[in-house]
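**Q** sharing a sequence plus its predicted fold:
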There are 2 protein chains.
Amino acid sequence: MIAYDKQSRIMLAVDCIIFGFDGNALKLLIIERGMLPEKGKWSLMGGFVQGDENPNEAASRVLNHLTGLKDIYMEQFQVFGEPRRDPTERTVSIAYYALIDINKYQHQLSTDYKAAWVELNQLPMLIFDHNEMVTAARQQLRYKAALHPILFELLPERFTIPQIAALFEQVYQVELDRPNFMRKLRLTDLLIKQPDKDKEGSKRGAHYYMLNQDVYRKKFSSFVHFVTQL
Amino acid sequence: MIAYDKQSRIMLAVDCIIFGFDGNALKLLIIERGMLPEKGKWSLMGGFVQGDENPNEAASRVLNHLTGLKDIYMEQFQVFGEPRRDPTERTVSIAYYALIDINKYQHQLSTDYKAAWVELNQLPMLIFDHNEMVTAARQQLRYKAALHPILFELLPERFTIPQIAALFEQVYQVELDRPNFMRKLRLTDLLIKQPDKDKEGSKRGAHYYMLNQDVYRKKFSSFVHFVTQL
DNA sequence: TCAAAAGTGTTTACTCTACACCCATGA
DNA sequence: TCATGGGTGTAGAGTAAACACTTTTGA
């Protein structure tokens, strides 16, 4: 077997921008590194692509390692490969964004890092080009969520319409007309109304809904157009 | 300086899916390899990411080397990284699609390969996972072009409305209602009508148009919604 | 009984679609 | 003068935006 002799090999990493929503604000799961290099600094969760796995598997592994979760919604969105982005050694990183239900997140036990949920607009300085990655991920999330119902991945199993509206308002930094937004949602057939109500947010209470998984899977790839004017 | 000692380095490549449009059919620029491995077989144009360049630069370089063109519209769209996709040695490839004006293409002189324009639906077997890359690129092109006016990159400087319509019909494999399509185009303010006509396609002749570059640049990133029903 | 948020209904403007029809011209 | 594709006009359906109004319930 021939090999590509003269070419240089490169470190290949994955980094994950992990979004969560606590009902009020969009949050990011970041880590404080417990090991060199850059010990003590904030960073995205990442890892190296191993010899026997493809990059998607690497990202799933990394996500699982941090959150304890499997089958997380995850999308590869951009490669970051400036020659000097990592001063230790040239490393090209494939960036993924992931959407998780913040309530399902379980603290993990590794001492390699401390994990923390941080509000997206109070993000600290991260190492390398990670802040740039976050900006790009947010952009990509907006793009995708305007057309596909992916934001439901951020909500718990049972949720209310005011919660979804708040989520969209956070993602797009706009105020939505609640009546019209509600009607739009109803017309998608994605929601199943539950008999009981959430009384947290108001006196009257808002009905709980669950996702209609069948419709959800079907509409996932087709355009849905949740947000019209961007 | 520390290095990531225990991690394995990987070959990193870029591959380009190069689209062109000859007025009738969508075409792809592929090469017949003149060197090992896989000598004599059809392949996408690609190359390795060098130590001092980022992947986008590598793709531009590769595109320029094959076509003689600079400032080609190009988008990174997916990483292909199955461990055994290249039997020679593990290689992860960043795939780009590019849109070029087929008339501007100049044959290059390298003897490393022979280049050929092939109709997209008569594509031969390509090496490795390149056919899969083409499928994904086509999908991505559809997605992007439904919302952004990128397909103009495939047209010559002066073009007619029937030409654009034919292009959209090729990309989406549909028949468009010409009157409505024309009106939609006019409403974008993207086109500047030329005084003369193209008499090739019909007796009456179709007016030439040129892109309004200012409007084009402005509308590039905002949603435009060229194709409604997908 | 009032305030506050959930939820419904209605009006109006706009956009999309289908398709009838006119235009220009070479054969 | 007629066939052919280029191009315009128009009516009806469908969608989006604005906002008035009703419902529920704890304080």
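**A** Received the coordinates, thanks. The structure presented is a predicted model; accordingly, all values stated were derived computationally and were not measured.
**Q** could you chop chain A up by domain?
**A** Domain ranges of chain A: A:11-147, A:150-219, per automatic domain parsing.
**Q** got a list of what A:Leu185 touches?
**A** A:Ile161, A:Ile164, A:Leu191 (Cβ atoms under 8 Å, 6 or more residues apart in numbering or on different chains). For every residue, glycine as well, the C-beta is placed using N, CA and C.
**Q** surely the last one meets A:Asn212?
**A** Yes: checked against Cβ atoms under 8 Å, the pair A:Leu191 and A:Asn212 is within contact range at 6.7 Å.
**Q** more crowded one of the two?
**A** A:Leu191 (21 against 15; other Cβ atoms under 10 Å in any protein chain shown).
**Q** which secondary structure element contains the residue nearest to that one when sequence neighbours are not counted?
**A** On the basis of Cβ to Cβ, 6 or more residues apart in numbering or on different chains, the spatially nearest residue to A:Leu191 that is not a chain neighbour turns out to be A:Tyr209, at 4.3 Å. Assigned by DSSP states H and E, A:Tyr209 belongs to strand A:206-211.
**Q** is DNA strand C within reach of that strand?
**A** Yes: contact of strand A:206-211 with DNA strand C (Cβ under 7 Å from any atom of the strand) involves A:Ala206, A:His207.
**Q** so is that strand next to DNA strand D?
**A** No: Strand A:206-211 is not in contact with DNA strand D by Cβ under 7 Å from any atom of the strand; minimum separation 10.6 Å.
**Q** other SSEs contacting the next helix or strand after that strand?
**A** Per DSSP H and E, the first helix or strand lying C-terminal to strand A:206-211 is helix A:213-219. Using 3 or more Cβ pairs under 8 Å, 6 or more residues apart in numbering or on different chains; DSSP states H and E as the contact criterion, no helix or strand is in contact with helix A:213-219.
**Q** contact partners of helix A:213-219?
**A** Residues contacting helix A:213-219 (Cβ under 8 Å, 6+ apart): A:His148, A:Pro149, A:Phe152, A:Thr188, A:Asp189, A:Leu190.
**Q** how about the residues of chain A near chain B?
**A** A:1-4, A:7-12, A:36-37, A:48-56, A:76, A:78-79, A:81-83, A:87-92, A:94, A:146, A:222-223, A:230 (Cβ under 8 Å from any Cβ of the partner chain).
**Q** which of the residues you listed fall in helices?
**A** A:Pro55, A:Asn56, A:Ala146 (DSSP state H).
**Q** residues touching A:Ser93, list them.
**A** Contacts of A:Ser93 (Cβ under 8 Å, 6+ apart): A:Leu12, A:Ala13, A:Val14, A:Asp15, A:Gly46, A:Val79, A:Phe80, A:Gly81, A:Arg85, A:Asp86, A:Met133.
**Q** isn't the third one right up against A:Glu53?
**A** If I follow you right, that is A:Val14. No: applying Cβ under 8 Å, one finds A:Val14 not in contact with A:Glu53, separated by 10.0 Å.
**Q** assign A:Asp196 to helix, strand or coil.
**A** When classified by DSSP: H, G, I helix; E, B strand; the rest coil, A:Asp196 comes out as strand.
**Q** could I get the buried residue list for stretch A:157-170?
**A** A:Phe159, A:Thr160, A:Ile161, A:Pro162, A:Gln163, A:Ile164, A:Ala165, A:Ala166, A:Leu167, A:Phe168, A:Gln170 (16 or more other Cβ atoms under 10 Å in any protein chain shown).
**Q** distance check, the residue lying closest to the second one once chain neighbours are set aside against chain B.
**A** To tie it back to what came earlier, the one meant is A:Thr160. The shortest distance from A:Thr160 to any residue other than its chain neighbours is 3.9 Å, reached at A:Ala206 (Cβ to Cβ, 6+ apart). Separation of A:Ala206 from chain B (Cβ to the nearest Cβ, to the nearest Å) stands at 31 Å.
**Q** please verify my assumption that A:Ala206 contacts A:Lys197.
**A** Yes: at 6.1 Å, A:Ala206 and A:Lys197 qualify as touching, with contact defined as Cβ under 8 Å.
**Q** can you show me the strands along chain A?
**A** A:11-21, A:26-33, A:42-43, A:45-48, A:73-80, A:91-99, A:113-119, A:159-160, A:191-198, A:206-211 (DSSP state E).
**Q** turn those strands into CSV, including mean pLDDT.
**A** As requested, these are exported to CSV (pLDDT from 0 to 100):
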stretch, mean pLDDT
strand A:11-21, 98
strand A:26-33, 95
strand A:42-43, 97
strand A:45-48, 96
strand A:73-80, 98
strand A:91-99, 98
strand A:113-119, 92
strand A:159-160, 97
strand A:191-198, 96
strand A:206-211, 97
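**Q** out of the ones you listed, nearest to B:Met125?
**A** strand A:73-80 (26.2 Å; Cβ to Cβ).
**Q** quick one: distance of the closest one to the chain centre.
**A** 10 Å (Cα atoms, centre = their mean, to the nearest Å).
**Q** that one packs against which elements?
**A** helix A:55-67, strand A:91-99, helix A:130-147, strand B:73-80.
**Q** single out the most deeply packed of the ones you listed.
**A** strand A:91-99 (a mean of 25; mean count of other Cβ atoms under 10 Å in any protein chain shown).
**Q** now the strands of chain A as JSON lines including distance to A:Lys184?
**A** Formatted as JSON lines, these follow (distance: least, Cβ to Cβ, whole Å):
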{"stretch": "strand A:11-21", "distance to A:Lys184": "19"}
{"stretch": "strand A:26-33", "distance to A:Lys184": "21"}
{"stretch": "strand A:42-43", "distance to A:Lys184": "38"}
{"stretch": "strand A:45-48", "distance to A:Lys184": "34"}
{"stretch": "strand A:73-80", "distance to A:Lys184": "22"}
{"stretch": "strand A:91-99", "distance to A:Lys184": "21"}
{"stretch": "strand A:113-119", "distance to A:Lys184": "27"}
{"stretch": "strand A:159-160", "distance to A:Lys184": "16"}
{"stretch": "strand A:191-198", "distance to A:Lys184": "11"}
{"stretch": "strand A:206-211", "distance to A:Lys184": "14"}
